[in-house]
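**Q** Sequence first, then the predicted structure:
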Amino acid sequence: DGGGELVLQKAESVSEKPLLAAINMELETGSPIYVMRPGEFSGFAIVLINTTGQEINADASFTFSDIFENSFRIERKLTLKPGRTERLPVKLPEDLKMGIWYVTCQLSSPGETSTQKVRSFACMQPAGPTKERLEIGKPTDFLYGICNAPDRWSVFAAQMDALSAAAVGAKVFRTATPWSYISRKEGEWDYGVFDRLVSVFGEQGIELQALIAGVPRWAIDPDAPLRKDQIDPRGSKMPKLKPFREYVYKTALRYKGKIRLWEIGNEPDHPGFAAYGPDGQAKLQTAAFEEIRKADPSIRVMTGGFAGITGNSFRYQYETLGASRGKFDLHAIHLHGPFSSYHRQIDNELRELQSKLGIENIPWYPNETAHHSTGGNEKVQAESLYTKLVFSRARGAVGFTWYNMRDVGFNEMDNEHNYGMQKADFYPKAVFPAYAALVNTFRGFAFHSQLSLQQGEFGFLFRNGNDFLLAGWKTGDAVNSGGCYSLE
């Protein structure tokens, strides 16, 4: 009858590589996302798989280390049968410190090229899942979020993303609902993928922040003017407004009561994402706002998440938001990169832009921001999360969404491959337990005040009833090497 399911049971590939490099290593932690709660270490094991057709004898050294230079090592002599798996139980120290732990395996054998393999696990207290629904804009209900594109991956990958996001305490997951997926042909509508995502993430107490994007070919407006600055052939084309309105209305109505945050376009100020200029984006913003309001007046309509806020991006935003004033509830921006540039742009360009437009009362939302771990620099990435997230809370953001849940590739020298909180195969990076620690620590707290410190020093006070929480750090341009401050 044309229906049914095709299941791939097994796939194999054959390649030539040094003998010891053909040994694969995995970890068993009792969790598919490699998380272990403090003190609950039973069942931990290192798993070695001999993928060759011959027996391998090797000396193995396993070094356990964290980012604070704590470490210990165990050694084993191995005999690995061809095509077989060897499970090596390891008794972890009961006082193992919380955070990320790397397991580095060094294999050597006479006459063979030695090889090194690294895996990781997180010793942490999960920050979720939690079932309560947050009140958008409430000072204590900060929207902790994460990005990914689960609409592009398998059901299994989406379930793993939801499980991972819940473990670190995320309550919002940003994903697109591309028109080009939903309506490949005019008059045909298929919401199957997105119905499933709402359900999968909802089971973990996470709501989706949806992105209006992706124009199907049949809906492109061939007469729409192109942007005046740099043209990029990858940029999304301007749609005809009538079918665009229908797509927005039908989609918002379908998820009424389930999706409360809708973003109108991804980084339209970037030529690689939008082939049209500010006038076109303003038209889309206005049309989308009006249709969403008709579908569900309670929805918070966001601007397109702008990539930057300097140079051409400042101009693009100024013109777009000026022409669509009153047609957005939240000002979405991204600003990838280190804290050093992030905080200056928030305090300078963002404030200037909002002041010029008279939209200081519109809350801002960094709904896709991060820092990569290129070259294995996971500590810098985790520090960037801490500083950018805390600073965002202190500057009145309604939430903070980290990009990305998982790395999109395995090239450690490609920035685009290294924004994730996990490796592409779900092993955690240092930023993973750091995120959970921030959610656990700040839960119930609201921003109180900023400390007056020296250049390059940042201190922010948060309050929960009679309890206070102080978060601070120094940057490279700090003029003081140390100091003692009084809090009254």
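**A** Cool, got the structure.

**Q** what's the burial count for Ile49?
**A** Counted by other CB atoms under 10 Å, the residues lying close to Ile49 total 15. Any C-beta I mention is one placed from the backbone N, CA and C, and that applies to glycine too.

**Q** Let me see the contact set for Gly420.
**A** Listed by CB atoms under 8 Å, 6 or more residues apart in numbering, the contact set of Gly420 reads 404-408, 429.

**Q** where's the spatially closest residue to Glu360 that is not a sequence neighbour, which helix or strand?
**A** Taking CB to CB, 6 or more residues apart in numbering as the measure, Glu360 lies nearest to Gln354, with 4.9 Å between them; neighbours along the chain are not counted. Assigning secondary structure by DSSP states H and E places Gln354 in helix 351-357.

**Q** Enumerate the positions of that helix that are buried.
**A** For helix 351-357, the neighbour count (16 or more other CB atoms under 10 Å) marks 353-354 as buried.

**Q** Now find how far off-centre the helix or strand that that helix is followed by is within its chain.
**A** The element immediately downstream of helix 351-357 (helix or strand, assigned by DSSP H and E) is strand 364-366. Put simply, strand 364-366 sits 15 Å off its chain's centre (CA atoms, centre = their mean, to the nearest Å).

**Q** and strand 364-366, what does it pack onto?
**A** For strand 364-366, the helices and strands in contact under the criterion 3 or more CB pairs under 8 Å, 6 or more residues apart in numbering; DSSP states H and E are strand 331-333, strand 399-402.

**Q** What segments of the stretch 151-300 of the chain are helices?
**A** Applying DSSP state H, counting those that start in this stretch to the stretch 151-300 of the chain gives helices spanning 155-167, 179-182, 192-202, 241-254, 278-295.

**Q** Quick one: those helices as JSON lines, columns for mean pLDDT too.
**A** Compiled in JSON lines, the helices of the stretch 151-300 of the chain are given as follows (pLDDT from 0 to 100):
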{"stretch": "helix 155-167", "mean pLDDT": "97"}
{"stretch": "helix 179-182", "mean pLDDT": "96"}
{"stretch": "helix 192-202", "mean pLDDT": "97"}
{"stretch": "helix 241-254", "mean pLDDT": "98"}
{"stretch": "helix 278-295", "mean pLDDT": "98"}
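
**Q** for those helices, which one sits closest to Ile67?
**A** Between Ile67 and these, the shortest gap by CB to CB is with helix 155-167, which sits at 19.2 Å.

**Q** mind checking how far that closest one is from the chain centre?
**A** Taking CA atoms, centre = their mean, one finds the center of helix 155-167 at 12 Å from the center of the full chain.

**Q** going forward, begin numbering at 277 instead of 1
**A** Yep, numbering from 277; the last one is helix 431-443 now.

**Q** angle of that helix against helix 468-478?
**A** Between the direction of helix 431-443 and that of helix 468-478, the angle (axes from the mean of the first three to the mean of the last three CA atoms, to 10 degrees) works out to 30 degrees.

**Q** Now tell me what touches helix 431-443 from outside.
**A** Contacts of helix 431-443 with the rest of the structure, by CB under 8 Å, 6+ apart, involve 308-309, 311, 402-405, 422, 424, 426, 429, 449, 472-473, 476-477, 479-482, 681-682, 697-698, 702, 708, 712.

**Q** and with 6 Å instead?
**A** In this structure, residues lying in contact with helix 431-443 by CB atoms under 6 Å, 6 or more residues apart in numbering are 309, 311, 402, 404-405, 422, 424, 426, 449, 476-477, 480, 482, 681, 702.

**Q** among the residues you listed, who's most crowded?
**A** The most crowded member of the contacts of helix 431-443 is Ile422, carrying 29 neighbours; neighbours defined as other CB under 10 Å.

**Q** doesn't Ala446 make contact with that one?
**A** Yes - the pair formed by Ile422 and Ala446 meets the contact definition of CB atoms under 6 Å, at 4.7 Å.

**Q** Now do the same contact list for Ile309.
**A** By CB under 6 Å, 6+ apart, the residues touching Ile309 are 439-440, 702.

**Q** Show me which of the residues you listed is closest to Ile609.
**A** Minimum distance to Ile609 across the contacts of Ile309 is 25.0 Å, recorded for Ser440 (CB to CB).
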